[in-house]
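Colleague: one predicted model, sequence on top.
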Amino acid sequence: MSYVAVIGAGSWGTTLAALLADKGYDTTLWTHEAELAQSINAERTNHLFLPGQTLPPLLRATDDLSAALSGARFVLNAVPTQHIRSVFTNTAPLLSPETVLVSAAKGIEITTFKTPSMILAELLGRPVAALSGPSFAKEVLARQPTAVTLATSNVTVGYMLQELFNTDFFRVYTHDDVIGVEIGGALKNVIAIASGISDGLGLGHNARAALITRGLSEIKRLGAAFGTRDITFSGLSGIGDLLLTCTALLSRNYSVGFKLGQGLSLTEITSQSKSVAEGVPTALAAHQFARTNTIEMPITEQVYLTLYEGKLPADAVRDLMTRSLRAEFDG
C-alpha cells in the first residue's frame with residue numbers, strides 16, 4: 001500500500017514521483033516494464049527516461065498495477081493519453097472511496113476526442129483533477145523554479161492537492177477549468193511541432209512568433225467547442241506552456257518538428273527516441289475534431305498533413321501564408 005501511486009514511469013511521471021517522495025510521501029511508481037521497476041529499486045535511477053538522475057529512497061517502483069493502486073490515497077496518472085484506456089480499464093474496484101485522482105497527461109484521445117480527465121472519469125466513475133503548465137522534467141528534478149496549474153471542480157480537493165505538490169521550487173496554483181487546462185496542455189504540443197518545423201527550415205524569429213500567436217487563437221477556438229473559459233488560455237497551462245514548448249529543444253514536440261523541418265521523416269524521428277511526443281497523435285485527434293465540428297485550425301491542419309499525409313514542410317508554410325485575408329480577431 002502507498003500514500004501516492006504514480007502510474008506511468010516516463011520522464012514526467014518519474015519526476016513527479018520523485019518530487020513527492022522527496023517531500024516524504026510514501027510513493028509508488030508503476031511501470032509496465034518489470035526490468036525498469038527492478039533497476040529503479042536497485043540502482044535508484046530510471047535509465048530509460050532519466051539516465052544519470054538519482055531518485056529518492058522513499059520512491060519504490062513496481063510493475064504490479066493492482067499493488068500500486070490498492071489503498072492509495074492519491075493516484076496520479078502519467079500514462080500517455082492514447083494508452084490511458086488500456087491501462088485503467090477494470091481498475092475501479094482497486095480504488096478506495098477516498099482516493100483522489102489527478103492526471104498529468106497532455107493529449108486528446110483519437111476517436112473519442114476525450115481529454116485524460118474525461119477518459120479516467122468514464123473508467124473510474126469519479127472526478128479527476130488536472131496538473132499542467134510549463135514544466136520540463138529535467139529542470140524540476142534540478143529544483144529550478146517552476147510554476148504549474150492544478151485544476152479541479154472541488155475547492156477542498158484543490159487546496160489538498162496544492163499542498164501535496166507544492167514545494168519551494170515547484171509552485172502550484174489552483175484553477176477550476178479542468179478541461180480548459182487540459183486543452184491548453186494538449187494543443188500546445190501541436191503548435192510546438194509547427195514551431196519546430198519553422199525553426200528547422202530556418203524561417204526566423206518572426207515566423208515563430210506568428211505561429212505561437214496564431215496557434216493560441218486555434219487553441220482558444222478548440223477550447224470554446226469543449227465549453228472552456230477563454231481566460232484559462234492566458235495562464236500557465238495556456239500561453240505559459242505554449243511559450244515554453246515552442247521555443248526549447250528540451251521539448252520533445254518541438255524537437256520532432258525541428259527534425260521534420262530538416263528533412264527527416266516521422267518514422268526516422270520516432271525510431272530515435274523512447275519518449276512519446278504527444279503532439280503527434282493529438283494533431284490527428286484535433287484535426288478530426290475540428291473537421292467534424294467546423295472549427296478553423298489551419299496550423300493544426302498543416303501539422304496533420306505533414307505528419308500523416310507526407311506533405312512537405314515548405315509547402316505547408318506556403319499554404320499557411322497564402323490563405324485568404326481576414327481580420328485578426330473573430331467577430
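Modeller: That came through fine.
Colleague: work out the gap between the longest helix anywhere in the chain and the centre of the chain.
Modeller: Longest helix in the chain by number of residues, with DSSP state H as the criterion: helix 178-200. Centre-to-centre, helix 178-200 and its host chain are 9 Å apart (Cα atoms, centre = their mean, to the nearest Å).
Colleague: kindly report the same for stretch 135-155.
Modeller: Distance, centroid of stretch 135-155 to centroid of chain: 12 Å (Cα atoms, centre = their mean).
Colleague: how about stretch 60-69?
Modeller: In terms of Cα atoms, centre = their mean, the centre of stretch 60-69 is set 22 Å apart from its chain centre.
Colleague: measure F289 to G204 for me?
Modeller: 31 Å (Cβ to Cβ, to the nearest Å). Quick note: C-beta positions are derived from backbone N, CA and C, even for glycine.
Colleague: so where is this structure shaky, pLDDT-wise?
Modeller: Low-confidence segments of the chain (pLDDT under 70): 1-2, 331.
Colleague: quick one: which of F289 and G204 has more around it?
Modeller: Higher neighbour count among F289 and G204: F289, with 19 against 10, using other Cβ atoms under 10 Å.
Colleague: for the more buried one, which non-adjacent residue is closest in space?
Modeller: Nearest residue to F289 in three dimensions, chain neighbours excluded: F113, at 4.7 Å (Cβ to Cβ, 6 or more residues apart in numbering).
Colleague: so which helix or strand takes in the most centrally placed residue in the chain?
Modeller: Centroid-nearest residue in the chain, with Cα atoms, centre = their mean: K106, separated by 2.5 Å. For K106, there is no host helix or strand (DSSP states H and E).
Colleague: surely it and P134 touch.
Modeller: No. Using Cβ atoms under 8 Å, K106 is not in contact with P134, being 11.6 Å away.
Colleague: need the contact list for the nearest residue to the residue nearest to the centre of the chain once chain neighbours are set aside.
Modeller: Among residues not flanking K106 along the chain, G185 sits closest, at 3.9 Å (Cβ to Cβ, 6+ apart). Neighbour list for G185: 106, 130, 132-133, 237, 241 [criterion: Cβ atoms under 8 Å, 6 or more residues apart in numbering].
Colleague: do that again at 7 Å, thanks
Modeller: By Cβ atoms under 7 Å, 6 or more residues apart in numbering, the residues touching G185 are 106, 132, 237, 241.
Colleague: now the residue nearest to V172 when sequence neighbours are not counted: how far from Y3?
Modeller: Leaving aside its sequence neighbours, V172 sits nearest to N166 (Cβ to Cβ, 6+ apart; 4.4 Å). Per Cβ to Cβ, N166 is found 16 Å from Y3.
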